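Peer 1: show me the folded form of this:
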Amino acid sequence: MIKLISQGQWLLFCVIMAAIVISLSFHEYGHAWVAKRFGDDTAERAGRLTLNPLAHIDPMGLLMVVFVGFGYARPVPTDPRRFTSRYADLLVAAAGPGMNLLLAVLSINVYLLTLKAGLIGSADLGPRLFFVYLAQINLLLMVFNLLPIGALDGHLHPAVFSAAPPVPGLPLLQRSLWQLCIAWVDYAGSARQRADFPNHLLHQRSAAATNRLYVTWVSRGGRYN
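Peer 2: Have a look, this model is predicted:
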């Protein structure tokens, strides 16, 4: 990131920083919102149930993004004793990556809709960079936070799933979701080089993963368990 400043690429630097701040704010808000829905208002009382970046961004974490290339936001406080479901921990942890996935999908579709409506042109560099980087950063944040290590959101998933009874169709669902996520990351990363970006929202791999999810859903009567 600091190299962008030294190279005079201020527009790209500002676009990436704005996308990172928005992505982290939505991520942490997702944790707080789901925790509140499961009976824990700790995050709300701490002022974290908001999309205001000032409530979520850690100054040192943001400086690390600039100088090191990665950073962090302020973790959302929760009190598991207040949760009303045995799976609340898992769902609260998954809410952050889930919010990132939602924001990625929304950003791409907003770009396509504004492009189709003629509000922006395909040659407009600013909007194109912003929406593509917003989608890419959110997808990367989602995948990174799902890793089952350390203080990342994914560290709860193996323990919860190993303690829960087996769910029919879950392995296929998990594989399909991961293939879909990887396809979107690959697509968002290459979209900047695509002259036909608006016409290829789902390429072959993401289409195959989506189809696999649909086949699983139909074969189980509209459910995955």
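
Peer 1: how many neighbours does Arg37 have?
Peer 2: Residues contacting Arg37 under the criterion other Cβ atoms under 10 Å number 14. Where C-beta positions appear, they are placed from N, C-alpha and C, glycine not excepted.

Peer 1: again, but for the one 4 residues further on
Peer 2: When neighbours are counted by other Cβ under 10 Å, Asp41 registers 14.

Peer 1: quick one: contacts for it?
Peer 2: The contact partners of Asp41, taken as Cβ atoms under 8 Å, 6 or more residues apart in numbering, are 35, 82.

Peer 1: next one: the one 3 residues further on
Peer 2: With contacts taken as Cβ under 8 Å, 6+ apart, Glu44 has the following neighbours: 32, 36.

Peer 1: ditto for Ile137
Peer 2: With Cβ under 8 Å, 6+ apart, Ile137 has these contacts: 16, 19-20, 23.

Peer 1: on the three-state scheme, Leu113 is what?
Peer 2: helix (DSSP: H, G, I helix; E, B strand; the rest coil).

Peer 1: so what's the residue count around it?
Peer 2: If you count neighbours by other Cβ under 10 Å, Leu113 ends up with 10.

Peer 1: quick revisit: compare the contacts of Ile137 and tell me which is most surrounded.
Peer 2: Within these, most neighbours by other Cβ under 10 Å means Ser23, with 26 neighbours.

Peer 1: contact partners for it?
Peer 2: Residues near Ser23 by Cβ under 8 Å, 6+ apart: 100, 103, 134, 137-138, 141.

Peer 1: tell me the one of those nearest Leu51?
Peer 2: Nearest to Leu51, judged by Cβ to Cβ, of the contacts of Ser23 is Leu103 at 10.8 Å.

Peer 1: for Gly126, which non-adjacent residue is closest in space?
Peer 2: Leu11 (6.8 Å; Cβ to Cβ, 6 or more residues apart in numbering).

Peer 1: pLDDT wise, what is that neighbour at?
Peer 2: pLDDT recorded at Leu11 is 87.

Peer 1: am I right that it sits in a helix?
Peer 2: Yes: applying three-state DSSP, one finds Leu11 inside a helix.

Peer 1: so it sits against Pro127, correct?
Peer 2: No: in this structure, Leu11 is not within contact of Pro127 by Cβ atoms under 8 Å, at 11.6 Å.

Peer 1: who has more neighbours out of these two?
Peer 2: Using other Cβ under 10 Å as the criterion, Leu11 and Pro127 rank with Pro127 on top: 17 against 13.

Peer 1: in which helix or strand would I find that one?
Peer 2: Using DSSP states H and E, the element containing Pro127 is helix 125-145.

Peer 1: how about that helix: buried residues?
Peer 2: Neighbour counts over helix 125-145 (16 or more other Cβ atoms under 10 Å) mark 127-143, 145 as buried.

Peer 1: quick one: average confidence on that helix?
Peer 2: Here the average pLDDT along helix 125-145 is 89.
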